[in-house]
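> A structural model of the following input is requested.
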Amino acid sequence: MKKTEMGRFNISPDEDSSSYSSNSDFNYSYPTKQAALKSHYVDVDPENQNFLLESNLGKKKYETDFHPGTTSFGMSVFNLSNAIVGSGILGLSYAMANTGIALFIILLTFVSIFSLYSVHLLLKTANEGGSLLYEQLGHKAYGLAGKLAASGSITMQNIGAMSSYLFIVKYELPLVIKALMNIEDTNGLWYLNGDYLVLLVSFVLILPLSLLRNLGYLGYTSGLSLLCMIFFLIVVICKKFQIPCPVEAALMANETVNGTLTQAALAALASNITAADTCRPRYFIFNSQTVYAVPILTFSFVCHPAVLPIYEELKSRSRRRMMNVSKISFFAMFLMYLLAALFGYLTFYEHVESELLHTYSAIVGTDILLLVVRLAVLVAVTLTVPVVIFPIRSSVTHLLCPTKEFNWFRHSVITVTILAFTNLLVIFVPTIRDIFGFIGASAAAMLIFILPSAFYIKLVKKEPMRSVQKIGALCFLLSGIVVMIGSMGLIVLDWVHDASAGGH
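Below you'll find the predicted structure:
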């Protein structure tokens, strides 16, 4: 499930936590430059300091290289890994179930390589353009249009990440309450209704945290979120060896838990599909849901708004050193995503839902281990949503009233509006798959494929257009446009088909 997307950042012991901010795709959190805050922007609104800090505005090319970073190589790998991994990991088994193992591995490999290549373009463009801000690079390349494209893509990605987190609350919190209270009959109980619970959590827990002007202390959710995802992966692997196959008997036994899966099992039995067929892994699958695979993968790999700030803070900074950080982080996340998708798929095969954790309840019920995983995920996403709201609100404030002083009324109205809009998406959008698909095909494609290559072509002047590097960037740009238009078109067609068939 951008990921935001989970956004987090690490606080090193020798730095003040107030100098940290978040600027995610899915929601990425990262340290900002303390020296710039203290020396140049003392009187600027603290929130805008942390997001659209133009600390390199007006500086010459390469001047940013003369400001030494303070973050070690290993910690930079940790921070970038945090920026990559997110709720998208919950949707990867669903993607594999609709592509097959071999096709999924091919797509995962290509998306991870393309994402790494776009990081290369972004770092080179930042050095040539003399800026370590994604939005500022857009402004230098294409003026206001470039800045709006970068800011809009990051905002969309963050909203997608927020929506995916709140979808987890909507799916998982009712199951946790049901398990803790040992409730069998769920009819008529409002506190087991996911729509009511997501509204309650949003406006009782998330809103007060989101209204704070400085969210630096929430940086400690970084370690919690990453540990949560690692714990989730371990449980997925263990459950593969605990849940027997075939799964049809379990599906039939849980008829009242999830109507959709039970109908799938009944349809399978009616079609005389044997248990051996159902539980046999498939390597290439093409169906109406296959179109969601690439958007889900791109949503899961977006980390690009966090790359430049992590690069800025890297000790002994160089482009080669940052690329090494990126290679290690991407390879680690590649393995983590592959294992999560593979073992989730090999547990449930064609019965995987768009949110993997929910599949366990539908088929095998809830045990203590799954309950602990759910609680950890719920705590992590609840604390992460305020961090994701932070850059969205800062971006909106910067675009609408960049010169005005901080105002609590405006601050509160923007926060409530963002949270209310995201809740409406979560309540009325049918599944988390649609969030992954739409945001992955639009904002994620912009951040991974289109914007880095477009900025590179415009700002890197020392290479002619006929050079191999520029031709490669142009091909990358065109491929991104094809991916975005193709994915969006196929997803919309699937929505129209579902609507006509009564699925939505």
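> quick one: the helices in the stretch 351-500 of the chain?
Remark: helices assigned in the stretch 351-500 of the chain by DSSP state H, counting those that start in this stretch are 356-364, 368-400, 408-428, 432-439, 445, 451-459, 468-501.
> Now mean neighbour count, mean pLDDT and distance to His120 too, for those helices, in TSV please.
The way it works is simple: take the backbone N, C-alpha and C, and place the C-beta from them, glycine included. Formatted as TSV, the helices of the stretch 351-500 of the chain follow (neighbours: other Cβ atoms under 10 Å; pLDDT from 0 to 100; distance: least, Cβ to Cβ, whole Å):
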stretch	mean neighbour count	mean pLDDT	distance to His120
helix 356-364	23	78	32
helix 368-400	22	82	24
helix 408-428	16	91	33
helix 432-439	28	87	24
helix 445	28	91	18
helix 451-459	25	93	9
helix 468-501	15	88	10
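> So which of those helices is nearest Phe110?
When the helices of the stretch 351-500 of the chain are compared by Cβ to Cβ, helix 468-501 sits nearest Phe110, at 10.1 Å.
> buried stuff in the strand or helix carrying Thr109?
Assigned by DSSP states H and E, Thr109 belongs to helix 101-129. Of the residues in helix 101-129, 101, 103-105, 107-108, 111-112, 114-129 count as buried by neighbour count, 16 or more other Cβ atoms under 10 Å.
> Could you list every helix and strand that whatever helix or strand comes next after that helix packs against?
Where DSSP H and E defines the elements, the next helix or strand beyond helix 101-129 is helix 134-181. Judged by 3 or more Cβ pairs under 8 Å, 6 or more residues apart in numbering; DSSP states H and E, helix 134-181 is in contact with helix 101-129, helix 194-201, helix 304-313, helix 356-364, helix 368-400, helix 408-428, helix 432-439, helix 451-459.
> In CSV, list those along with distance to Ile183.
As requested, these are exported to CSV (distance: least, Cβ to Cβ, whole Å):
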stretch, distance to Ile183
helix 101-129, 37
helix 194-201, 14
helix 304-313, 41
helix 356-364, 13
helix 368-400, 14
helix 408-428, 23
helix 432-439, 24
helix 451-459, 48
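> Ok, which of the ones you listed comes nearest Phe231?
helix 368-400 (6.2 Å).
> for the chain, which spans come out with low pLDDT?
Applying pLDDT under 70 to the chain flags the ranges 1-67, 185-188, 214-223, 246-278, 364-366, 501-504.
> check which helix or strand covers the closest residue to Leu80 other than its chain neighbours.
Excluding the flanking residues, the one nearest Leu80 by Cβ to Cβ, 6 or more residues apart in numbering is Ser329, at 4.1 Å. According to DSSP H and E, Ser329 maps onto helix 319-348.
> Could you pull out the buried residues of that helix?
Neighbour-count burial for helix 319-348 flags 321-323, 325-326, 328-330, 332-334, 336-338, 340-348 (criterion: 16+ other Cβ under 10 Å).
> quick one, what contacts the closest residue to Leu197 other than its chain neighbours?
Of all residues not flanking Leu197 in the chain, Leu173 sits nearest, at 4.8 Å (Cβ to Cβ, 6+ apart). Leu173 sits next to Gly194, Leu197, Val198, Val201, Leu378 when contact means Cβ atoms under 8 Å, 6 or more residues apart in numbering.
> Among the residues you listed, which one lies nearest to Ala443?
Nearest to Ala443, judged by Cβ to Cβ, of the contacts of Leu173 is Val198 at 21.9 Å.
> quick one, the helix holding Thr109 and helix 304-313 angle?
50 degrees (axes from the mean of the first three to the mean of the last three Cα atoms, to 10 degrees).
> And helix 101-129, what does it pack against?
Helix 101-129 is packed against helix 92-97, helix 134-181, helix 293-301, helix 304-313, helix 319-348, helix 451-459, helix 468-501, with contacts defined by 3+ Cβ pairs under 8 Å, 6+ apart.
> Show me what the first one is packed up against.
Identification of packing neighbours for helix 92-97 by 3+ Cβ pairs under 8 Å, 6+ apart yields helix 101-129, helix 293-301, helix 319-348, helix 356-364.
> Make a markdown table from those and add distance to Ile159 to it.
As requested, the helices and strands packed on helix 92-97 are arranged in a markdown table below (distance: least, Cβ to Cβ, whole Å):
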| stretch | distance to Ile159 |
| --- | --- |
| helix 101-129 | 20 |
| helix 293-301 | 12 |
| helix 319-348 | 22 |
| helix 356-364 | 22 |
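> before we move on, back to that, closest one to Glu313 out of the contacts of Leu173, please.
Using Cβ to Cβ, Leu378 comes nearest to Glu313 of the contacts of Leu173, at 30.4 Å.
> surely that closest one meets Glu172?
Yes - here Leu378 reaches Glu172: they are 5.8 Å apart, a contact under Cβ atoms under 8 Å.
> Need the overlap of contacts for the two.
With Cβ under 8 Å, 6+ apart, Leu378 and Glu172 have no common neighbours.
> thinking again about what came up before, for Phe286, which of the helices and strands packed on helix 134-181 is the nearest?
Nearest to Phe286 among the helices and strands packed on helix 134-181 is helix 101-129 (8.3 Å), distances taken as Cβ to Cβ.
> and Asn182, how many residues sit next to it?
Using other Cβ atoms under 10 Å, Asn182 has 6 other residues around it.
> of the helices and strands packed on helix 101-129, which approaches Asp367 most closely?
Nearest to Asp367, of all the helices and strands packed on helix 101-129, is helix 134-181, at 8.9 Å by Cβ to Cβ.
> got the angle for that closest one vs helix 194-201?
Put simply, helix 134-181 runs at 110 degrees to helix 194-201, going by the same axes, to 10 degrees.
> Using TSV, please lay out the helices and strands packed on helix 101-129 together with distance to Gly440.
Below are these laid out as TSV (distance: least, Cβ to Cβ, whole Å):
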stretch	distance to Gly440
helix 92-97	10
helix 134-181	8
helix 293-301	3
helix 304-313	14
helix 319-348	14
helix 451-459	15
helix 468-501	7
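> among the ones you listed, which is nearest Val235?
Nearest to Val235, of the helices and strands packed on helix 101-129 and by Cβ to Cβ, is helix 319-348 at 9.6 Å.
> Mind giving me the packing neighbours of that closest one?
Looks like helix 319-348 contacts helix 73-84, helix 92-97, helix 101-129, helix 221-240, helix 293-301, helix 304-313, helix 356-364 (3+ Cβ pairs under 8 Å, 6+ apart).
> Next, the angle helix 221-240 makes with it.
With the same axes, to 10 degrees applied, the angle from helix 319-348 to helix 221-240 works out at 40 degrees.
> gap between helix 319-348 and the chain center?
Relative to its chain's centre, helix 319-348 lies at 14 Å (Cα atoms, centre = their mean, to the nearest Å).
> Also compute the angle for it relative to helix 356-364, please.
Counting by the same axes, to 10 degrees, helix 319-348 lies at 10 degrees to helix 356-364.
> okay, the angle between helix 319-348 and helix 293-301?
Interaxial angle, helix 319-348 versus helix 293-301 (the same axes, to 10 degrees): 130 degrees.
> what angle do helix 319-348 and helix 73-84 make?
50 degrees.
> just to revisit the earlier point, format the helices of the stretch 351-500 of the chain as JSON lines; extra columns: distance to Gly69.
Formatted as JSON lines, those follow (distance: least, Cβ to Cβ, whole Å):
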{"stretch": "helix 356-364", "distance to Gly69": "37"}
{"stretch": "helix 368-400", "distance to Gly69": "21"}
{"stretch": "helix 408-428", "distance to Gly69": "31"}
{"stretch": "helix 432-439", "distance to Gly69": "31"}
{"stretch": "helix 445", "distance to Gly69": "30"}
{"stretch": "helix 451-459", "distance to Gly69": "21"}
{"stretch": "helix 468-501", "distance to Gly69": "26"}
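> Among those, which comes closest to Gly91?
So among those, helix 432-439 is nearest, using Cβ to Cβ, at 5.1 Å.
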